[in-house]
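*Asks:* Pasting the sequence and the predicted model now:
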Amino acid sequence: MRVVGLIGAIGCGKTAVAEYLVEKHGARYFRFSDILRDVLERMNQPVVRENLQVLGIALRKSFGDGFLAEALKTDLESENPAFAVVDGIRYQDEFDMVKSLGGQIWFVDASPEIRYERAVKRGTRGEKDLSFDEFMKNEMNETERNIQTLGSKADVKIRNESTLEELYSTVEKRLQALH
């Protein structure tokens, strides 16, 4: 199983990379947040970033740092796809889990201004009306604090400040290096 794990701040383009790998290369898409989404949906709670963050922090405090990584690793090993993309690495244990499967970590980054513009433009509930200051304040949340540190240890670094076509071209080059 080939695994690419994605790290990046809100609005950097992680989902664009993941969706491209799914559509063009048949990757199976896994997100750490899907486990949390499932819980929120079962509890009839809004699936918004703030609730995902609160739930993730509460569960980490109750069940330990590695609970999401272990749950997702079980899913990956159970499905055993030929190619998997794992989106939303936020903590060291998640990073380590992808590496333990022989995976490669990709850090997708863009300037805060570009990321803010993208987040507002996509119109996600809880993001579309944020001021730039609020957006930047969100980066100090516990779930976002480790992104730059983990990104500095990534195998691949992608600066995503141009067009989707340029991003996809960069992804293709990085994939060729994986083979």
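*Replies:* Okay, I see it.

*Asks:* switch to C-alpha atoms for all contacts and neighbour counts from now on
*Replies:* Noted.

*Asks:* in the chain, which spans are strands?
*Replies:* Remark: strands assigned in the chain by DSSP state E are 2-7, 28-31, 83-87, 104-109, 156-159.

*Asks:* can you list the weak-confidence ranges in the protein?
*Replies:* Low-confidence segments of the chain, defined by pLDDT under 70: 125, 179.

*Asks:* ranges for the helices of it?
*Replies:* Counting by DSSP state H, the chain has helices at residues 14-25, 32-42, 49-63, 67-79, 92-100, 112-122, 132-138, 147-152, 164-178.

*Asks:* and the residue nearest the centre of the chain, backbone torsions?
*Replies:* What sits nearest the mean C-alpha location of the chain, by Cα atoms, centre = their mean, is Gly88, with 1.9 Å. Note on Gly88: backbone dihedrals following degrees, to the nearest 10 are phi 90, psi 30.

*Asks:* how about it, what does it touch?
*Replies:* 5-8, 14, 31-33 (Cα atoms under 8 Å, 6 or more residues apart in numbering).

*Asks:* about what we covered before: the helices of the chain: which one's closest to Met1?
*Replies:* helix 67-79 (9.0 Å; Cα to Cα).

*Asks:* list the helices and strands that closest one packs on?
*Replies:* Packed against helix 67-79, as judged by 3 or more Cα pairs under 8 Å, 6 or more residues apart in numbering; DSSP states H and E, are the following elements: helix 32-42, helix 92-100.
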